[in-house]
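J.: predicted model and sequence follow; I will ask about them next.
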Amino acid sequence: MQKQFIYQGNGQVFLMVMNEIVKQGIEEIRRNLDLDIGFAEGKTVLVSGGAGFLGSWTCDVLVESKAKVICVDNLVSGRRENISHLIDKENFEFVQHDIANPIFFDEKIDFVMHLASRASPFEFKEYPIQILKANTLGIWVALGIAKKHGARFLYASTSEIYGNPSIIPTPETHAGNVNPIGPRSCYDEAKRCGESYVITYRIQHNLDTRIARIFNTYGTRMRADDIYGRVVPRFIEQALKEQPITVFGDGTQTRSFCYVTDQVEGLFRLASLEDAEGEVVNIGNEEEVRIIELAEMVKKLTNSSSEIVFSELPKDDPRRRKPDISKAKRILGWAPKVGLEEGLRKTIENLSLEKKALPKKHF
Ligand code: UDP
């Protein structure tokens, strides 16, 4: 096992997902954040879902920026490996807890970032009630903490709140086209409810809030295994194993994929800028591709001989998804920098490294 994946602390040995690709990514985010992320240094930030994909990148940036980070995660889909390199740091605390249940903190919290939720469509089938709870009861608990401490609040919402959008590219003003009783409703309706919680707490309790509508994001630390796998890591995993690449439907449905470092930079800009108070902003990449094109790209970039196979399209799978990011450009001074091919190369490289290092159960 490669040394970079083993971490020894508190007398225990942990596996960890921290290597040069992640380190460079974190440095890149911090460099690109040429604005003052002054809310971080010396401030206490609670990150719910902090052991997950975006949550752990968020914790890394905050820890490097000298914030005191309280990472709350129940580890049902988040992974201890994502944060094990942080466990021994003085400015990092891990609390294993389901944010859908009340939790109280005595020390002053300056900022709450609510990122907790399962997000894979396969999980919508297996754990719909947990997903509903993370974005309704969970956000109620998280907002309660923010209210008690007078903390700033950032909510990780999603492009799913637009359902199958009738406007492409989709601006924040689109009210959405969502099926409240469909198989995705546990996620998209819960996220819509979450947004409603946020704006209501803002109005009624004067909280400083920000809502990020995150469009399909991929990259290092996104799980490839089992029901957690979203399309990018699934296709990479299938291609690396020379297994069939499973395109759902005829593959003409589209998504616009944002690389993780761009996404996290966008989140921090939204979190930091004073002018962004109260705003709801799409954060994603405008490069729209058909899923069949994605399968072909992954196959080419992995030099795989996997065949591409087609199966039934899941019900309510959105036809097209592409963000209008003019608001993010205008108010955050942000636009993504990493193109799909470059991001896929990095993700493939990292997944190959992890596969060599981590035990089989991870894949
Ligand atoms: N998809 C696919 N094959 C897979 C997994 C997903 O063709 O093995 C498709 C899925 O039907 C959707 C797109 O890829 O059209 C993106 O799926 P993902 O699970 O990443 O999340 P979504 O964007 O639907 O929330």
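T.: Alright, I've got the coordinates. In this text, all values refer to a predicted model and were calculated from it rather than measured experimentally.

J.: which other helices and strands does the longest helix seen in the chain contact?
T.: Secondary structure assigned by DSSP state H gives helix 185-205 as the longest helix of the chain. Helices and strands touching helix 185-205, by 3 or more CB pairs under 8 Å, 6 or more residues apart in numbering; DSSP states H and E, are helix 121-126, helix 128-135, helix 137-149, strand 152-158, strand 209-214. In short, each C-beta sits where N, CA and C put it, glycine included.

J.: using CSV, lay out the ones you listed together with mean pLDDT.
T.: Output for those, formatted as CSV (pLDDT from 0 to 100):
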stretch, mean pLDDT
helix 121-126, 94
helix 128-135, 94
helix 137-149, 98
strand 152-158, 98
strand 209-214, 98
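
J.: out of these, the one nearest the ligand is which?
T.: Of all the helices and strands packed on helix 185-205, helix 121-126 sits nearest to the ligand, with 4.7 Å by CB to the nearest ligand atom.

J.: what residues does the protein have near the ligand?
T.: Selection of the chain residues close to the ligand by CB under 6 Å from any ligand atom yields 120-121, 216, 230-231, 234, 246-248, 253, 255, 291, 314, 317.

J.: okay, helices next: where are they in this structure?
T.: All helices of the chain, identified by DSSP H, fall at 20-32, 53-64, 121-126, 128-135, 137-149, 185-205, 231-240, 260-272, 291-301, 326-327, 340-357.

J.: let me have those helices in CSV, adding mean neighbour count as columns.
T.: Shown next, in CSV, are the helices of the chain (neighbours: other CB atoms under 10 Å):
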stretch, mean neighbour count
helix 20-32, 17
helix 53-64, 26
helix 121-126, 17
helix 128-135, 22
helix 137-149, 21
helix 185-205, 19
helix 231-240, 23
helix 260-272, 24
helix 291-301, 18
helix 326-327, 16
helix 340-357, 18
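
J.: distance to N164 added to those helices, as a markdown table?
T.: Shown next, in a markdown table, are these (distance: least, CB to CB, whole Å):
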| stretch | distance to N164 |
| --- | --- |
| helix 20-32 | 32 |
| helix 53-64 | 24 |
| helix 121-126 | 14 |
| helix 128-135 | 19 |
| helix 137-149 | 24 |
| helix 185-205 | 10 |
| helix 231-240 | 17 |
| helix 260-272 | 22 |
| helix 291-301 | 15 |
| helix 326-327 | 21 |
| helix 340-357 | 22 |
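
J.: of the ones you listed, which shows the lowest average pLDDT?
T.: Mean pLDDT is lowest for helix 340-357 among those, at a mean of 85.

J.: tell me what that helix is packed against?
T.: Helix 340-357 is packed against helix 20-32, helix 231-240, strand 258-259, helix 291-301, with contacts defined by 3+ CB pairs under 8 Å, 6+ apart.

J.: quick one: which of the helices of the chain is nearest I161?
T.: Among the helices of the chain, the nearest to I161 by CB to CB is helix 185-205 (5.0 Å).

J.: quick one on the thing from earlier: which among the residues of the chain next to the ligand count as buried?
T.: Buried subset of those (neighbour count, 16 or more other CB atoms under 10 Å): 120-121, 216, 230-231, 234, 247, 253, 255, 291.

J.: residues near P102, how many?
T.: Per other CB atoms under 10 Å, the neighbour tally for P102 reads 11.

J.: do I have it right that it meets G144?
T.: Yes: using CB atoms under 8 Å, P102 makes contact with G144 at a distance of 7.4 Å.

J.: ok, now how distant is E81 from V22?
T.: According to CB to CB, to the nearest Å, E81 and V22 sit 11 Å apart.

J.: with N101 instead?
T.: Distance from N101 to V22, by CB to CB: 31 Å.

J.: how about P318?
T.: With distances taken as CB to CB, P318 is found 30 Å from V22.

J.: just R30 next, same as before
T.: 13 Å.

J.: now the buried ones among the residues of the chain next to the ligand in CSV, with distance to V72?
T.: Below are these laid out as CSV (distance: CB to CB, whole Å):
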residue, distance to V72
S120, 20
P121, 25
N216, 25
R230, 23
V231, 28
R234, 28
V247, 37
Q253, 35
R255, 30
I291, 34
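
J.: and of those residues, the nearest to F53?
T.: F53 lies nearest to R230 out of these, by CB to CB, at 9.1 Å.

J.: which residues touch that closest one?
T.: 119-121, 216, 218, 222 (CB atoms under 8 Å, 6 or more residues apart in numbering).

J.: what is the burial count for E160?
T.: E160 is flanked by 25 other residues according to other CB under 10 Å.

J.: nope, N206 is what I meant
T.: There are 10 residues near N206, going by other CB under 10 Å.

J.: so what pLDDT did it get?
T.: We have a pLDDT of 97 for N206.

J.: any idea how far the ligand is from it?
T.: 34 Å (CB to the nearest ligand atom, to the nearest Å).

J.: same thing with Q24?
T.: As judged by CB to the nearest ligand atom, Q24 and the ligand stand 25 Å apart.

J.: cool, T44 as well?
T.: Distance, T44 to the ligand, using CB to the nearest ligand atom: 33 Å.

J.: not counting its neighbours along the chain, what's nearest that residue?
T.: In space, and not counting its chain neighbours, T44 is closest to K68: 4.5 Å by CB to CB, 6 or more residues apart in numbering.

J.: run a quick neighbour tally on that neighbour.
T.: Every residue meeting other CB under 10 Å relative to K68 is counted, giving 22.

J.: please apply the same query to the one 3 residues further on.
T.: Using other CB under 10 Å, the number of residues around C71 comes to 28.

J.: how much space between the most centrally placed residue in the chain and Y201?
T.: Computing the C-alpha centroid of the chain and ranking residues by CA atoms, centre = their mean puts L54 first, at 3.6 Å. In this view, L54 and Y201 are 22 Å apart by CB to CB.
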